[in-house]
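Enquirer: give me coordinates for this.
(2 chains)
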Amino acid sequence: MEGLEILTSMFDYQFVRMALVGGALAAIVSAWIGLFLILRKESMLVDGVAHTAFGGVAVGLLLGFDPMLGAVAVSAAAVLGITYMRRKGMAQSDSAVAVMMATGFSLGMIIVSLANGFNVDLMTYLFGSILTVSRTDLLVLSALALFIIGFMVFFYKEMLAITFDEDGARLQGLPVQAMTVAFNLLVAVTIALSIKVIGIILVVALMVLPGLTALQLGRSFKATVVASTAFGTIAALAGIVLSVLFNVSTSGVIVFTAAGIFLFVAAYQRLG
Amino acid sequence: MEPIIEVKGLTVRRGPTEALTNVTFEVDRGDYVGIVGPNGGGKTTLVLALLGLLPRASGSIRIMGQDIDTFDQWEKVGYVSQFAINFDPQFPLTVRELVGLGRVNRRNIGRFRTKEDWESVGSALELMGIAELADRRIGTLSGGQRQRAFVAKALVSDPELLVLDEPVTGFDPVTQERFFMQLANLNQSKGLTILIVSHDLTAVFCRMSRVLCVNREVHGATIVDGTVPDDVLKKGYGEHFHFAFHEHKCRGEFADGRP
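Expert: Numbers count the residues shown, from 1 in each chain, chains lettered A, B, ... in the order given. Below is the predicted model of the structure:
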């Protein structure tokens, strides 16, 4: 009974409620965008861009503007840079990601050393800080998440067509290049949003694990999208609640929960 | 009647080499055309150029009377690529969803699908005899079923021109024959113009009305009584080539009357 009381009383705290709303929105968006990245075989793009965003966070902290803006700007530049390098044949996909990741992260390290460290602030971006999300943060996060969800709903069939067969989509008259650039920018924004929840180090897990879990089910595309966002949301909500209950790292528990769901579903599909 | 495809003086380069040189030919509406020729002769290059997916070094292409550079009715062209069935088998797509993608085009960007879209999907599935597979994942289909699903996708927007690049590679003879007969029915019943890249000369001569023999150049001929003039094939395959048609009768009639 005592445990149940603690569980229900935690929802009295505004910071928990805000964390749950922010975490759920970021998880939905991350899982949805992440599923497309898995199917485009670009999962590691997330890790590369997230690490590049470290440079943007450091610039923001140094110059005194919102580090999330810095993360969004640098992530967008990184995604566009990687796409450009691949298209122009300057580097293979994984090499382009490696170049951007190393450049962005080293920029962050230089700035951190110049500023003699940012202590706690920097740590919250490296490891996430959804429990400290402010009302303004939540509003920005919600607006961006709703924008991304809107884009994915309205261009659902076009994004599916391009992801499945780019040449075929081009032949059908779809603006493949423009939509790919738009999608890549959404990837950058999604990564920046997820950094707030889970941190630079683990952002790839929030974006890839739910989609990977949903793919184990072997269902239609629509069902896979629904399952992916559901798994992501469950992991985020359970992770936040459990981390408050047991006073442990929120991002760690979110990823651990997502990995646990993946293992359970994968085992069930094979043994069940 | 205006030809559905007009190609004049077309030259296409693939890297430093000329894959097609000064090619000129026409395809009339309702033609059922087999594109044949040796490996590396430029068949796929020709198809990709006709679809505007490869740049031209020189020459012109007109589709449905419109220059290809300004052609804006791609929804009237169905295409199944040589590599269509080599998709990632884990891709989470049902046959119904795959065929539905054939209805996506620049005219309905950002719009939700309509009842009419799904009715067209149902009709295309019926037409290709795969309605019972609608909810199956495409990765679980056999080669023949996959190919029919992709043709259904190409047909779902009710095209006037259907282009298929080596659609029967790896099929057993019975499945292959059934597939070509299905296309012949579509050609005759709907007046659909069909271009097929194929290595099966027997099927081409038996089922189709014209042949384009491609080997950097294109030599066309009308198929009469299952044959074409020898010199057309010799120009494509070389002087040593001789096509032996043992029985002057086409395959494809099943004892049980299956279509």
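
Enquirer: next up, the contacts around B:Ile35.
Expert: B:Ile35 makes contact with B:Lys43, B:Leu46, B:Val47, B:Leu195, B:Ile196, B:Val197, B:Ser198, B:Val211, B:Leu212, B:Val214 under the criterion C-beta atoms under 8 Å, 6 or more residues apart in numbering or on different chains. Every C-beta, even on glycine, is put in place using the N, C-alpha and C of the backbone.

Enquirer: wait, is the second one part of a helix?
Expert: Yes - according to DSSP: H, G, I helix; E, B strand; the rest coil, the state of B:Leu46 is that of a helix.

Enquirer: distance check, A:Gly23 against B:Pro229.
Expert: Noted for A:Gly23: a distance of 73 Å to B:Pro229, by C-beta to C-beta, to the nearest Å.

Enquirer: so between those two, which is more surrounded?
Expert: With other C-beta atoms under 10 Å in any protein chain shown as the criterion, A:Gly23 and B:Pro229 differ in neighbour count, and A:Gly23 comes out ahead with 31 against 12.

Enquirer: just give me the neighbour total for the residue of the stretch 51-200 of chain B at minimum distance from chain A.
Expert: Closest contact between the stretch 51-200 of chain B and chain A, by C-beta to the nearest C-beta, is at B:Arg106 (3.4 Å). For B:Arg106, the count of nearby residues is 13 (other C-beta under 10 Å).

Enquirer: what does B:Asn22 give?
Expert: Residues within reach of B:Asn22, counting by other C-beta under 10 Å, total 14.

Enquirer: ok, which stretches of chain B are strands?
Expert: For chain B, the strands defined by DSSP state E occupy B:5-14, B:17-27, B:32-36, B:58-63, B:66-67, B:77-80, B:161-165, B:193-197, B:210-215, B:217-222.

Enquirer: how about the residues of the stretch 51-200 of chain B that lie near chain A?
Expert: Residues of the stretch 51-200 of chain B lying close to chain A (C-beta under 8 Å from any C-beta of the partner chain) are B:51-53, B:72, B:74-75, B:77, B:79, B:81, B:84, B:87-88, B:90-94, B:96-98, B:100-102, B:104-107, B:109-110, B:113, B:135, B:137.

Enquirer: before we move on, the earlier item: quick one: residues contacting the residue of the stretch 51-200 of chain B closest to chain A.
Expert: A:Gln172, A:Gly173, A:Leu174, A:Pro175, B:Trp74.

Enquirer: ok, and the most crowded of those?
Expert: Going by other C-beta under 10 Å, A:Gln172 tops the contacts of B:Arg106 with 25 neighbours.

Enquirer: the nearest residue to that one once chain neighbours are set aside: how many residues sit nearby?
Expert: Spatial nearest neighbour of A:Gln172, excluding adjacent residues (C-beta to C-beta, 6 or more residues apart in numbering or on different chains): B:Asn105 at 4.7 Å. Other residues lying near B:Asn105 total 19 when counted by other C-beta under 10 Å.

Enquirer: where does the prediction get shaky in the stretch 101-250 of chain B?
Expert: Filtered on pLDDT under 70, the stretch 101-250 of chain B yields the residue ranges B:170, B:241-250.

Enquirer: alright, I will stop here.
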